[in-house]
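Chemist: turn this into a structure:
(one chain, ligands or ions: 2)
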Amino acid sequence: MRDENVIDVHHLSKAFNGKPAVVNVSLDVKAGEIFGFLGPNGSGKTTTIRMLCGLMTPDEGDGYCLGFDILHETAKIKRHVGYVPQSFSLYKDLTVKENLEFMAQLYQIKNFKNRVDLMMAELELDRYKDILAGRLSGGWKQKLSLAAALIHDPKLLLLDEPTAGVDPKTRREFWNYILSLTTRGVTALVSTHYMDEAERCNRLAYIVYGRLMAEGTVRDIIAQQKMFTFVTRGDGLPDLYTKLTGRPGVEQVVVWGNELRVCAIDRALLQTTLADFPDYTWEETRTSLEEVFIHLVNEEKRRELHERRDQYA
Ligand SMILES: Nc1ncnc2c1ncn2[C@@H]1O[C@H](COP(=O)(O)OP(=O)(O)OP(=O)(O)O)[C@@H](O)[C@H]1O
Ligand SMILES: [Mg+2]
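Modeler: Ligands and ions are numbered 1, 2, ... in the order given. This is a model prediction of the structure:
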């Protein structure tokens, strides 16, 4: 393992009942960074996270997590990693405090009551300490899961969609807290479907149907795809949307409120198409992360289609 890499895994693959879920995925996450893990539903994010922390054995591939071998030192990894699973996994019929005390005892933490009090204070869970976990709202359940994952003061946090369905203010608090943890030397890998959260990460990986399609900073990922985007405003955008869909050079077209955005790979071809709509003023703009991700999904679908055609040819 290189010193600065908290996660360093290579060529991970996993299939379920012969169907590939993760295909040849390599990842490196550096100490102290917030690393975002994104991709459409069912693309293998959870499966990859589980392989990283020794909860699932890969069919192929190897590597290190916190310097421990992901194939042979899984018990050590589990002891040093804080994992917030995608679905709530604490005891619904225990109170907030009881859940945290249970976790703290599981990790044999000395002065565990003090640690529980500290975690409840940091995440402002004290006022709910005697409430049954099952009765908490979604956002507070997630805060409790985070407190539980942090109870043993782990150096690495693996967060699987920790803010799904959580309101914007609570999401922001959640992220600010994660950021404060990184200043204390914690590294975080976070899976999410939210673009604003992706933008808050130091680096990202985007996985589509098991395959890693892009990796880097937001700026790198957008630049790598070499896409061109034009925007217009005005009346009749829904009608314009219909007319532009499927036209030469138009890869994506979307209406956002009072704006219509068009993306392309072939800039010249798109401009020829847009010239057919002289009533609108077209302005070139920065391609968004979401547009890049949609492009990557389209690319992967095209690749799969070709592969299938070749198989049956
Ligand atoms: N234990 C399992 N047994 C069988 N198939 C599984 C199992 N776990 C995952 N899969 C399949 O593997 C693929 C990847 O699933 P995974 O849960 O890793 O995706 P994901 O990217 O986390 O999706 P989401 O965004 O919906 O959480 C899916 O097709 C899923 O149905
Ligand atoms: Mg998942």
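Chemist: how about the residues of this structure near ligand 2?
Modeler: The chain comes close to ligand 2 at residues 45-46, 86, as judged by C-beta under 5 Å from the ion. Yep, even glycine has a C-beta here, placed from its N, CA and C like the rest.
Chemist: again, 6 Å this time
Modeler: By C-beta under 6 Å from the ion, the residues of the chain that approach ligand 2 are 45-46, 86, 160.
Chemist: please convert the buried members of the residues you listed into ChimeraX selection syntax.
Modeler: Filtering the residues of the chain next to ligand 2 down to the buried ones (16 or more other C-beta atoms under 10 Å) takes a single ChimeraX command:
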select :45,46,160
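Chemist: min pLDDT across the residues of the chain next to ligand 2, which one?
Modeler: Ranked by pLDDT, those bottom out at residue 86 (93).
Chemist: setting the sequence-adjacent residues aside, check what's closest to that one.
Modeler: residue 160 (4.2 Å; C-beta to C-beta, 6 or more residues apart in numbering).
Chemist: contact partners for the residue of the stretch 1-150 of the chain found nearest ligand 2?
Modeler: Residue of the stretch 1-150 of the chain nearest ligand 2, by C-beta to the ion: residue 46 (3.2 Å). Contacts for residue 46 (C-beta atoms under 8 Å, 6 or more residues apart in numbering) come out as 86, 160, 191.
Chemist: the first one contacts residue 161, doesn't it?
Modeler: Yes: taking contact to mean C-beta atoms under 8 Å, the distance of 5.1 Å between residue 86 and residue 161 places them in contact.
Chemist: intersection of neighbour lists for these two?
Modeler: Joint contacts of residue 86 and residue 161 (C-beta under 8 Å, 6+ apart) are residue 191.
Chemist: in this protein, where's the longest helix?
Modeler: Criterion DSSP state H: the longest helix present in the chain is helix 289-312.
Chemist: CA atoms only: put that helix into PDB for me.
Modeler: Output in PDB follows, covering the C-alpha atoms of helix 289-312 (Å, rounded to 0.1, in the frame of the first residue of the first chain):
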ATOM      1  CA  LEU A 289     -21.800  17.000 -13.800                       C
ATOM      2  CA  GLU A 290     -25.300  15.600 -14.200                       C
ATOM      3  CA  GLU A 291     -25.100  15.900 -18.000                       C
ATOM      4  CA  VAL A 292     -21.700  14.200 -18.000                       C
ATOM      5  CA  PHE A 293     -23.200  11.300 -15.900                       C
ATOM      6  CA  ILE A 294     -26.100  10.900 -18.200                       C
ATOM      7  CA  HIS A 295     -23.700  10.800 -21.200                       C
ATOM      8  CA  LEU A 296     -21.700   8.100 -19.400                       C
ATOM      9  CA  VAL A 297     -24.800   6.000 -18.900                       C
ATOM     10  CA  ASN A 298     -25.800   6.500 -22.600                       C
ATOM     11  CA  GLU A 299     -22.200   5.400 -23.600                       C
ATOM     12  CA  GLU A 300     -22.400   2.300 -21.500                       C
ATOM     13  CA  LYS A 301     -25.800   1.400 -22.900                       C
ATOM     14  CA  ARG A 302     -24.400   1.800 -26.400                       C
ATOM     15  CA  ARG A 303     -21.400  -0.300 -25.600                       C
ATOM     16  CA  GLU A 304     -23.600  -3.100 -24.200                       C
ATOM     17  CA  LEU A 305     -25.900  -3.000 -27.200                       C
ATOM     18  CA  HIS A 306     -22.900  -3.300 -29.600                       C
ATOM     19  CA  GLU A 307     -21.600  -6.200 -27.500                       C
ATOM     20  CA  ARG A 308     -24.900  -8.000 -27.700                       C
ATOM     21  CA  ARG A 309     -25.200  -7.300 -31.500                       C
ATOM     22  CA  ASP A 310     -21.700  -8.800 -32.000                       C
ATOM     23  CA  GLN A 311     -22.700 -11.900 -29.900                       C
ATOM     24  CA  TYR A 312     -25.700 -12.600 -32.100                       C
END
